[in-house]
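Engineer: my questions are about this predicted structure, shown below with the sequence.
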Amino acid sequence: MKTTLYTLLCIAVRLGAVLMAVGILEQMPSLFSYLSGTDGHFVVSAILLDGAGLLVAFALWVWPNILVWWAIGRNQHEILESFISAGQLQHIALSVMGAWMFIGGLSGCLGHGVMILIVKHESASNGLSGMVPTNEWHWLVQYATTAVVGAALALGSRGLVGLLQRLRGYPHYTSAVTDPDASTTQDG
């Protein structure tokens, strides 16, 4: 597989732009929940700041070369060559994404688990019933699900790539890198 450093960095910048936009859009519902009972100036300035962030993410998606040009300078057409097949690249990508989801889900579970323990401790020390807010349980379940799905994706990525290959009608997928010198026989 041949590609250029410029192409790979453009893909990375576009991925970062998508993650930036998703992060901003993900926090919008909580921002709108502050509309009732708070000062409107805070909400308006937060919406404007988020809008500016979405514009930056859009600009990076449309023109990733803005950052890539600064990063690589004159080496834009440097060719990178790899002997990794498309199936092996999918296997690597799905494994990395699964590991990332597992670690993110695990850290979220730990963070919200600690928060539940803190709420329980505070309520017990104040003589209250110790009711944990339901949103903490929702977050804990969401992060636990993310961790389980991430672990399944990381461990089952080879089978998933094989399934995708079969669904597309390609021949059987092998994950082992074949050595071109191993196919020649040595006569004594």
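Structural biologist: Now that the structure is in, tell me what you want to look at. Just so we're clear, the structure is a prediction, and the values are computed from it rather than from any experiment.

Engineer: what is the subsequent helix or strand relative to the strand or helix carrying L15?
Structural biologist: L15 is part of helix 5-33, with elements assigned from DSSP states H and E. Next along the chain after helix 5-33, taking DSSP H and E as the criterion, comes helix 40-62.

Engineer: that older thread, now the angle from the helix holding L15 to helix 40-62?
Structural biologist: For helix 5-33 against helix 40-62, the angle between stretch directions is 160 degrees (axes from the mean of the first three to the mean of the last three C-alpha atoms, to 10 degrees).

Engineer: buried sites along helix 5-33?
Structural biologist: L5, Y6, L9, C10, V13, A17, M20, A21, I24 (16 or more other C-beta atoms under 10 Å). Heads up, the C-betas are built off the backbone N, CA and C, glycines and all.

Engineer: what is the lowest-pLDDT residue among those?
Structural biologist: Ranked by pLDDT, those bottom out at L5, which has 78.

Engineer: my guess is that residue meets L80, correct?
Structural biologist: Yes - here L5 reaches L80: they are 6.0 Å apart, a contact under C-beta atoms under 8 Å.

Engineer: which stretches of this protein have low pLDDT?
Structural biologist: 1, 32-42, 74-77, 130, 171-188 (pLDDT under 70).

Engineer: would you mind finding the longest helix in it?
Structural biologist: For the chain, the longest helix by residue count, based on DSSP state H, is helix 86-125.

Engineer: could you list the buried residues of it?
Structural biologist: Neighbour-count burial for helix 86-125 [16+ other C-beta under 10 Å]: 87-88, 90-91, 94-95, 98-99, 101-102, 105-106, 108-109, 112, 116, 119.

Engineer: if we can go back for a sec, name the helices or strands packed onto the helix holding L15?
Structural biologist: Secondary-structure packing of helix 5-33 (3 or more C-beta pairs under 8 Å, 6 or more residues apart in numbering; DSSP states H and E): helix 40-62, helix 65-72.

Engineer: mind running it again at 10 Å?
Structural biologist: helix 40-62, helix 65-72, strand 79-81 (3 or more C-beta pairs under 10 Å, 6 or more residues apart in numbering; DSSP states H and E).
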